[in-house]
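A.B. asks: Starting from these lines, generate the structure:
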Amino acid sequence: QEYLVESGGGTVQPGGSLRLSCVASGFTLEGYAIAWFRQAPGKEREAVICIAGFGGIMDYAGSEKDRFTISTDNAENTVTVHLQMNSLKPEDTGVYYCAARRPLCATPAYDYPTWGRGTRVTVSS
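C.D. replies: Below you'll find the predicted structure:
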């Protein structure tokens, strides 16, 4: 059974760091892309960063991309995808989701058929 479960969210002060994790059970990076999306209050879900076995890492955070890095831990039939977020800003507040699709990374949320339930990040002093 394929499913995604996020963890690691919480409240942090501006300038702080968080490490989010997505357990992607039933997935491997061979043939799949796993992406992190963010949905800020009142805004649409947007892609932050993605990793795929074919195509590597795609960073969608623009000028902010050096603050976010992606890494993986691989096990049999499961991959855990971590999102390290540094120098957090209040505008990073939102719900962070991981999502999976075949085979390459993409930016539109509608291109991803499988989603986790999200983990909430609040950046506030």
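A.B. asks: switch to C-alpha atoms for all contacts and neighbour counts from now on
C.D. replies: Fine.
A.B. asks: which other helices and strands contact the host helix or strand of V121?
C.D. replies: Here V121 sits within strand 119-123, counting by DSSP states H and E. On a contact count with 3 or more C-alpha pairs under 8 Å, 6 or more residues apart in numbering; DSSP states H and E, strand 119-123 meets strand 10-12, strand 94-101.
A.B. asks: shaky segments in this structure?
C.D. replies: Low-confidence segments of the chain, defined by pLDDT under 70: 63-65.
A.B. asks: If we ignore the residues flanking it in sequence, what's nearest the most centrally placed residue in the chain?
C.D. replies: With distances taken as C-alpha atoms, centre = their mean, the residue of the chain nearest its centroid is W36 (2.0 Å). Spatially, and ignoring its direct neighbours in sequence, W36 is nearest to C98 (4.5 Å; C-alpha to C-alpha, 6 or more residues apart in numbering).
A.B. asks: try L29
C.D. replies: G53 (4.5 Å).
A.B. asks: how close does the one you found sit to S25?
C.D. replies: 16 Å (C-alpha to C-alpha, to the nearest Å).
A.B. asks: What about G42, how many residues nearby?
C.D. replies: 7 (other C-alpha atoms under 10 Å).
A.B. asks: helix or strand for it, which one?
C.D. replies: Going by DSSP H and E, G42 is not part of any helix or strand.
A.B. asks: residue contacts, it?
C.D. replies: By C-alpha atoms under 8 Å, 6 or more residues apart in numbering, the contact set of G42 is empty.
A.B. asks: So the residue nearest to L29 sits against F27, correct?
C.D. replies: No - G53 lies out of contact with F27 (C-alpha atoms under 8 Å); the separation is 11.1 Å.
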